[in-house]
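Enquirer: Would you be able to build a 3D model of this:
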Amino acid sequence: MSSIRYWASRMSGKYSDLMWSELGSGRLRQGWGSRADQDLAIIRSKGRSEMNPSQKDANRHHRMAGAPGGWQAGDIILVPNIPRRRMFSLARVTGPYRYEPMTLPDGSQDFGHIREVELLTQNGVANTSHYVGSGLRHTLTTRSRTWEIRKRDEDFAFLLDHLDEADLIEESRATDRFQRVIDQAEEKVISAFTDVFRDELFRNLGKAEWEPVIARALQSNFPNAQVKKTGGPSERDADIEILFDNPIGGANWIIVVQVKDWSQKAGASPVKQLRDAIETRTVRTDDGLLATQVIGAVLALTEAEPSDELVDAMDALERETDVPTQILYGEEFQKLILEGLLRVSR
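Expert: Purely as a prediction, here's the structure:
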C-alpha cells in the first residue's frame, strides 16, 4: 500500500498571482504568519491553552509542519483556485517546513508558513477537466483551508499519469465526459476484437464475398447516403456506389468504390476501372447540366499493399479528373470494417 498521502490546501485568493509565483518557485505559503511567535516550530511545543490568539490562528496549519500525521516528503498537495478560479494545481512535498514572512505589495507581512514543494502542473488543471475524477471534483467543494483527501488514490494516479496533456486546462461538461467514456469504451472493444477479428475475417471471406460486408460497413459510416452493391455484370467498373443527395441542389453526388481481394503488392491495373467508373457515372441532362457527379473514387485492398506504381497512377487519376482518390488498405481498411459493423450491431 502506498505511503503517499493526499492533501488539499487553500492559498490566498486575494494574492493568487503572488501565491502562484511562489508555488512555481517551490514554496507553498500559508497565512496567519506575520509575527515571530506564529512559527509552527515554536507553537508545536505549546498546549492549546498556552497559545495566544494569533498562535491559535496559525496552528490551523499544523499539518504542514511535518509532524507525524501531517505532510511528509512525497505527499501530494492539491491547491484549489490556483492559478485562478475554477482551476487547481498539484505539488509534491520535497523539503521541510520553515517560517519566513514575506513583504506584500502594501508593505505588510504575512504568509510566513512555507513548505518546500515541486509544482507538478505547470499551467494548472481545470476543475472540470475530463482527467479529473468526480471524487476530486467533489472534494473541491470543501470549505476548509486544509484537509486530507482520502480514498481518491486512483483519481490522483490517473491525473498524475496525464500531467503532460495540453488539454488539462480545458473545461468540459458532464455530457462531454460521458461521450468520452463511450468513445474510450468503443476504442477498447475494437482493440480487443482486432487480433481475432482480422484472422477470422480473412479466413471466412474471399473475392466477391467482401463486397456486401464492405457495403454494410460503409452504410453505417454514411447513414444519410444510399450504399449500393453494384458488383457483377452491370457493375460499370465499380463494386460499390455511395449516393448522396446534393444538399444545395444540382447534380447528385456519387463515390465509387472498387474492391480487390489481393495479397502482396497491388499494381496499377485497377485505376483504369476507376477511371471508367467515373466517366460512366458523370451524367448530363439534354441541356448539358450535370445530373450526377462523381465526388470520390476509392480503391479498397483487403490484404495487399499499394505499389509505388499504383500510388502514382491514383495521383494522376485525381489530377486528370478532378475527382479525389483514396487507397484504403491495412489497418485503415480493418478499422473501417470493424467500426462500421460494430456500429450497425448497436
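Enquirer: can you map out the strands along the stretch 201-346 of the chain?
Expert: Ranges of strands within the stretch 201-346 of the chain are 226-229, 240-244, 252-260, 265-266, 283-284, 290-301, 305-306, 325-328, based on DSSP state E, counting those that start in this stretch.
Enquirer: For the fifth one, give me every contacting residue.
Expert: If you take Cβ atoms under 8 Å, 6 or more residues apart in numbering as the criterion, strand 283-284 is touched by 290-292. Every C-beta, even on glycine, is put in place using the N, C-alpha and C of the backbone.
Enquirer: Nearest to Glu209 among these?
Expert: Closest approach to Glu209 among those (Cβ to Cβ): Thr292, at 28.4 Å.
Enquirer: isn't the closest one right up against Glu279?
Expert: No. Assessed by Cβ atoms under 8 Å, Thr292 is found out of contact with Glu279, at 11.9 Å.
Enquirer: Between the two ends of stretch 138-152, how far is it?
Expert: 11 Å (Cα to Cα, to the nearest Å).
Enquirer: Torsion angles phi and psi at the most far-flung residue of the chain relative to its centre?
Expert: Note on the chain: the largest C-alpha distance from the chain mean falls to Glu50, namely 54.0 Å (Cα atoms, centre = their mean). Backbone geometry at Glu50, expressed as degrees, to the nearest 10, gives phi -90, psi -10.
Enquirer: who are the neighbours in contact with it?
Expert: Residues in contact with Glu50 (Cβ under 8 Å, 6+ apart): none are found.
Enquirer: Phe244 versus that one, what's the distance?
Expert: As defined by Cβ to Cβ, to the nearest Å, Glu50 lies at a distance of 83 Å from Phe244.
Enquirer: Kindly report the same for His138.
Expert: For His138, the distance to Phe244 (Cβ to Cβ) stands at 47 Å.
Enquirer: follow-up on the earlier one: quick one, which of the strands of the stretch 201-346 of the chain is packed in tightest?
Expert: Mean neighbour count (mean count of other Cβ atoms under 10 Å) peaks for strand 252-260 among the strands of the stretch 201-346 of the chain, with a mean of 22.
Enquirer: which of the contacts of strand 283-284 lies closest to Asp322?
Expert: Using Cβ to Cβ, the contacts of strand 283-284 come closest to Asp322 at Leu290, 12.6 Å.
Enquirer: Show the contacting residues for the closest one.
Expert: Contacts of Leu290 (Cβ under 8 Å, 6+ apart): 250-251, 282-284.
Enquirer: Pass me the low-pLDDT residue ranges in the chain, would you?
Expert: In the predicted model of the chain, residues 1-2, 189-199, 201, 231-235, 288, 341-346 satisfy pLDDT under 70.
Enquirer: Would you map the helices across it?
Expert: In the chain, helices defined by DSSP state H lie at 16-24, 40-43, 53-58, 134-139, 153-160, 174-204, 210-221, 270-281, 308-321, 330-345, listed in chain order.
Enquirer: Which among those helices is found nearest to Gln264?
Expert: Proximity to Gln264, assessed across these by Cβ to Cβ, is greatest for helix 308-321 (12.1 Å).
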